[in-house]
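Asker: here is a sequence together with a model predicted from it:
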Amino acid sequence: MLKPSKNPYGFRNLLAYKKAEELQAECRKLTGLFPRAKTFLDLADQMDRSARSGKQNIVEGWRRNTTKEYFDFLGFSIGAVAELEEDCGDIWKGRYPELFGIRGVMGIEREEREEREEREGREEREGKEERAEREEREKRGNPVKPLSPFKPIKPLNFPFDIEKLPFYPLDTNLPPIVQLKLRCKELNYLLHKLQQSLETKMTDEKTLPVSALARNKLQKVKQDQDCLDDFLTARGFRRLENGQMVSDEPEE
């Protein structure tokens, strides 16, 4: 099915395209800070290529003749951006320790981070000792009031779990590499929503490929099965490995 005639530059109005442009610019800014060793030059080149591919495939898909081709090129964008997101995760996890000392990448100097962790850990230990002393005095019947109120500071868990961070609104106080990862997550969310709208369009036009129809049918069957399982589980049944549903209530 041919797409209706439209503005050849209409992709520039897409939020996904605008976000892809921002992602490419921020990625290039970050990778420009990498050390000039071959390992990091190769890594920077791959990350920049992934960011560029995420944007360029939106453009190429928009200018293709069919909705199906547009859908496919959005899939290529999703794959490229997912690869960039994975690279960001690897950097944050410490796979490239040489990058820890670069503030524009990790957001904090290694020495500063270690000093802060040591200080916060010391404060927490001192808090535990103070509480232990107070509890011991209370056991002896001689409670004392601490000289000053103190709330232990939880040490920085580095690297903290970035998978649970929301991508919107973007927290600009986060380390740059984490911000870049969250930009990837946001872009892929938008690309996925675009794909969903195109899939709906192809379904209405009856041009959706058979493979996609079969996939959607299987997903619908699974959703229905999950709903049935939840319904029966709430009423005291469980599914055996052979698929049979049996009651959890003990036999009399």
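Answerer: Sure, I can see it.
Asker: show me where the stretch 101-250 of the chain has its helices.
Answerer: Using DSSP state H, counting those that start in this stretch, the helices of the stretch 101-250 of the chain run over residues 103-106, 110-139, 176-205, 210-233.
Asker: hey, C-alpha coordinates of stretch 178-185 in PDB?
Answerer: Written as PDB, here are the backbone C-alpha positions of stretch 178-185 (Å, rounded to 0.1, in the frame of the first residue of the first chain):
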ATOM      1  CA  VAL A 178      23.200   8.300  32.500                       C
ATOM      2  CA  GLN A 179      21.400  11.200  30.900                       C
ATOM      3  CA  LEU A 180      22.400   9.900  27.500                       C
ATOM      4  CA  LYS A 181      21.100   6.400  28.400                       C
ATOM      5  CA  LEU A 182      17.700   7.900  29.400                       C
ATOM      6  CA  ARG A 183      17.500   9.900  26.200                       C
ATOM      7  CA  CYS A 184      17.900   6.500  24.400                       C
ATOM      8  CA  LYS A 185      15.100   5.100  26.400                       C
END
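Asker: from now on call the first residue 766
Answerer: Taking 766 as the first residue, the last one we looked at is stretch 943-950.
Asker: hmm, who's touching it?
Answerer: 784, 787-788, 791-792, 795, 846-847, 849-850, 853-854, 857, 872, 927, 930-932, 935-937, 939 (Cβ atoms under 8 Å, 6 or more residues apart in numbering). To be clear about C-beta, it is placed using only N, CA and C from the backbone, and glycine gets the same treatment.
Asker: do the same with stretch 816-835
Answerer: Residues contacting stretch 816-835 (Cβ under 8 Å, 6+ apart): 766-768, 773, 775-776, 779, 781-782, 785-786, 788-789, 792-793, 836-839, 841-842, 845-846, 849, 952, 956, 963, 966-967, 970, 972, 974.
Asker: show me which of these are buried.
Answerer: Neighbour counting by 16 or more other Cβ atoms under 10 Å classes 768, 776, 779, 781-782, 785, 788-789, 792, 836-839, 841-842, 845-846, 849, 952, 956, 963, 966-967 among the contacts of stretch 816-835 as buried.
Asker: go through the residues you listed and flag which are in helices.
Answerer: Taking DSSP state H, the ones among the buried ones among the contacts of stretch 816-835 that sit in helices are 781-782, 785, 788-789, 792, 836-839, 841-842, 845-846, 849, 952, 956, 963, 966-967.
Asker: okay, domains of this protein per the record?
Answerer: Listed domain ranges for the chain are 775-858+925-973, 875-923, 974-1017 (source: automatic domain parsing).
Asker: can you list those in TSV and add distance to residue 867 and mean pLDDT?
Answerer: Shown next, in TSV, are the domains of the chain (distance: least, Cβ to Cβ, whole Å; pLDDT from 0 to 100):
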stretch	distance to residue 867	mean pLDDT
domain 775-858+925-973	5	95
domain 875-923	9	58
domain 974-1017	43	68
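Asker: most packed of the ones you listed?
Answerer: With neighbours taken as mean count of other Cβ atoms under 10 Å, the domains of the chain reach their highest mean count in domain 775-858+925-973, at a mean of 17.
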